[in-house]
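Trainee: Next come a sequence and a model predicted from it.
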Amino acid sequence: MSNISVSELAYSPPGAEQLFFDVSFGVAAGEHAAIVGPNGVGKSTILKILTGQYEADDGEFSIGGTFLQMTQDVGMSRPDDALRDMLIEVAPEGLRTAGKTLFAAEKAMMSGDDDGMKYAEALGDWGDLGGYDLETQWAAAAQRSVKTPITDFATRLVGQLSGGERKRLVLDVLLNSGADVLFLDEPDNYLDIPTRGWLEEQINQCKSTILMVSHDRTLLERCATKIIAVEGSGAWVHGGSYLTWPEARQKRQELLGDDLKRWNDEERRLFHHMKMMKQRAAQNFKNATKANGAESRWEKFVKAGPPPPPAPDQQIHVRFTGADSARRVVKFENVAVDELFSPFSDEIHFGERVGLIGPNGTGKTHLLNALHGTHNGLVGNITFGPRTSVGMFNQINDRPEYRGRTCVDIVRDKLIDEQKSMGALARYGLRNNAKQEFQTLSGGQKARLEILGLELAGHNVLLLDEPTDNLDIESSEALENALEGFEGTVLAVSHDRTFLARFNRFIMITDDGDVYEIPDYELALAGLSAPDELPSLRLAKKLNA
């Protein structure tokens, strides 16, 4: 049976407090379950325990049948590797070992360190275990997933593919592998909107049992048949889609609160009854038996313990203030970047929420960097209006200048006062991370700290590059609500459909390098799904000269 069974799992990171305990859940054969919860609660850690990367402190689990896994950063950390090195990491264990042995033997033979005997032996093992069939799967997946043909997986480098192409290639291989169980950590990261639609179709068609971690609310609504919520140091299961999960959680919270109140009321009643019987026994020894019985009932009730309290809601409060500026915030005049798209002209006005959309690799982030003044390949002119202050959120929250520094030190640079700095961290759910060094934070925690820095800087023009990619759902919603009340202008690159639905205008860059203005979210989705129909799409305006 291709099922997953987890019982009373507990884990503490080395040298840190316990991350979670009593995590229990089951995923039946063919189910597609999603783990949700705040950043840093241990969602990815659970997947790492189940796949053997980490060892649990306590608890048991079992996985029925074969399993394959995809880590959150697959293909992102070693761009100079060959594609076969990336793909062998997601192969079945036996083939993974045989593949690494084969690749090492091949290198040794090519460098003259081996006469070819080890290579011949490794090649035989590779074939016996099904390596050639695996290479056929790689080729088929690459044909579907990569824009330019791949003739040799040994010489084509990972870095020659975009982040989205790498992710799609790995996902294509896994979802068509026939493995009994798949573990997918953030499968949607780095994927553009059309590819996310493809991923949803693939997951829904896949017969494997799937356990995934995702913050993409649209994907969760469309693909998850079960929600495993990690909160309050434990876990509980909602046996339905994410669409009905918020309501189920609210009802559960109310019931837990009611149960705890009833338990407290009953404990007080039993305690007062025991005290009363003790007083009566002191006045008349004939009541001693009843007093002892009352005391036993109270002690037994207390020993059993109260029901769990409602899980504390994560409180994230983002407060972008901004300020007024001239009506014309940005003017583009025949702008292009690195010849990724044809020169275009446009204006962005005060208060607009502009989504910069299009397939991966079309130059959206390059354009955002050019706006921020950190890209050298700019052609044409970008002019900001008077009284504008520009701040940028970078998709890769890698801040070398923050390494070795704690969160409170970083925030104190802007607020000076220690108490105010702690208060700001608390608003972003980072109070417990105040003394933690930046490089040890999770991706979501780094993203929250980055957004806090933007808030404290007081900019009135925000450039956001995939701001919700690493944020948990509550943090994404807090950011969205803050942007609603922000007095200023926002230009964002995003593939998060729930996030983009709140924007009022879109600039789309196509694979052909054309640039279009689209004034409506639904039209923007239609343009992404059928870019060839953009010239005839109602209200879509081409901005190229």
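Mentor: Thanks, I have it. Residues are numbered from 1 along each chain as shown.
Trainee: Need the pLDDT of residue 296.
Mentor: Residue 296 is assigned a predicted lDDT (pLDDT) of 88.
Trainee: what's the spacing between it and residue 354?
Mentor: Look at residue 296 and residue 354: by C-beta to C-beta, to the nearest Å, they are 70 Å apart. For the C-beta atoms, the positions are set from N, CA and C on the backbone; glycine is no exception.
Trainee: These two: who's more crowded?
Mentor: Between residue 296 and residue 354, counted using other C-beta atoms under 10 Å, residue 354 has the larger neighbour count: 20 against 11.
Trainee: Bridged to that one, which residues?
Mentor: In this structure, residue 354 has beta-bridge partners residue 491, residue 505, where bridges are defined by DSSP bridges.
Trainee: That one: what's it in contact with?
Mentor: When the contact criterion is C-beta atoms under 8 Å, 6 or more residues apart in numbering, the partners of residue 354 are 348, 489-492, 503-507.
Trainee: Could you rerun that using 6 Å?
Mentor: The neighbourhood of residue 354, defined by C-beta atoms under 6 Å, 6 or more residues apart in numbering, consists of 348, 491, 505.
Trainee: Distance check, the residue of the chain most remote from its centre against residue 298.
Mentor: In the chain, residue 284 marks the outermost C-alpha relative to the chain mean, sitting 67.5 Å out by C-alpha atoms, centre = their mean. Applying C-beta to C-beta, the value for residue 284 to residue 298 is 20 Å.
Trainee: And the residue farthest from the centre of the chain, how far from residue 278?
Mentor: With the distance defined as C-beta to C-beta, residue 284 ends up 12 Å from residue 278.
Trainee: how about residue 403, what does it touch?
Mentor: Residue 403 sits next to residue 439 when contact means C-beta under 6 Å, 6+ apart.
Trainee: can you give me phi and psi for it?
Mentor: When quoted as degrees, to the nearest 10, the phi and psi of residue 403 stand at phi -60, psi 130.
Trainee: Quick check: the gap between it and residue 198.
Mentor: With distances defined as C-beta to C-beta, the gap from residue 403 to residue 198 amounts to 37 Å.
Trainee: again with residue 320
Mentor: As judged by C-beta to C-beta, residue 320 and residue 198 stand 34 Å apart.
Trainee: what does the one helix or strand residue 445 maps to rub up against?
Mentor: Assigned by DSSP states H and E, residue 445 belongs to helix 443-457. By C-beta under 6 Å, 6+ apart, the residues outside helix 443-457 that reach it are 39-40, 319-320, 391, 393, 397, 414, 428, 470-472, 475.
Trainee: Next secondary structure element downstream of it?
Mentor: Moving on from helix 443-457 towards the C-terminus, the next helix or strand you reach (DSSP H and E) is strand 461-465.
Trainee: and the very next helix or strand once past that following strand, C-alpha only, in PDB?
Mentor: Sequence-wise, the next helix or strand beyond strand 461-465 is helix 473-484, with elements assigned using DSSP H and E. The C-alpha coordinates for helix 473-484 follow below in PDB (Å, rounded to 0.1, in the frame of the first residue of the first chain):
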ATOM      1  CA  ILE A 473      -0.100  32.100   4.100                       C
ATOM      2  CA  GLU A 474      -0.800  34.300   7.100                       C
ATOM      3  CA  SER A 475       2.300  36.500   6.300                       C
ATOM      4  CA  SER A 476       1.200  36.800   2.700                       C
ATOM      5  CA  GLU A 477      -2.300  37.900   3.700                       C
ATOM      6  CA  ALA A 478      -0.800  40.400   6.200                       C
ATOM      7  CA  LEU A 479       1.400  41.800   3.300                       C
ATOM      8  CA  GLU A 480      -1.600  42.000   1.000                       C
ATOM      9  CA  ASN A 481      -3.700  43.900   3.600                       C
ATOM     10  CA  ALA A 482      -0.800  46.300   4.300                       C
ATOM     11  CA  LEU A 483      -0.400  47.100   0.600                       C
ATOM     12  CA  GLU A 484      -4.200  47.800   0.400                       C
END
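Trainee: any idea of the mean pLDDT in helix 473-484?
Mentor: The average pLDDT within helix 473-484 is 88.
Trainee: for that helix, the distance to its chain's centre please.
Mentor: Taking the mean C-alpha point of helix 473-484 and that of its whole chain, the gap between them comes to 15 Å (C-alpha atoms, centre = their mean, to the nearest Å).
Trainee: Looking at the contacts of helix 443-457, which has the smallest pLDDT value?
Mentor: residue 397 (67).
Trainee: Can you check what angle separates the lengthiest helix in the chain from helix 473-484?
Mentor: Counting by DSSP state H, the longest helix found in the chain is helix 245-283. On the basis of axes from the mean of the first three to the mean of the last three C-alpha atoms, to 10 degrees, helix 245-283 is oriented at 120 degrees to helix 473-484.
Trainee: buried sites along helix 245-283?
Mentor: Neighbour counts over helix 245-283 (16 or more other C-beta atoms under 10 Å) mark 245, 248-249, 256, 263, 270, 273-274, 277-278, 280-281 as buried.
Trainee: In JSON lines, list these along with distance to residue 529.
Mentor: Putting the buried residues of helix 245-283 into JSON lines (distance: C-beta to C-beta, whole Å) gives the following:
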{"residue": "245", "distance to residue 529": "27"}
{"residue": "248", "distance to residue 529": "32"}
{"residue": "249", "distance to residue 529": "32"}
{"residue": "256", "distance to residue 529": "43"}
{"residue": "263", "distance to residue 529": "53"}
{"residue": "270", "distance to residue 529": "63"}
{"residue": "273", "distance to residue 529": "68"}
{"residue": "274", "distance to residue 529": "69"}
{"residue": "277", "distance to residue 529": "74"}
{"residue": "278", "distance to residue 529": "75"}
{"residue": "280", "distance to residue 529": "79"}
{"residue": "281", "distance to residue 529": "79"}
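Trainee: Using TSV, lay out these together with pLDDT.
Mentor: Putting the buried residues of helix 245-283 into TSV (pLDDT from 0 to 100) gives the following:
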residue	pLDDT
245	91
248	91
249	89
256	80
263	81
270	86
273	80
274	86
277	82
278	87
280	83
281	86
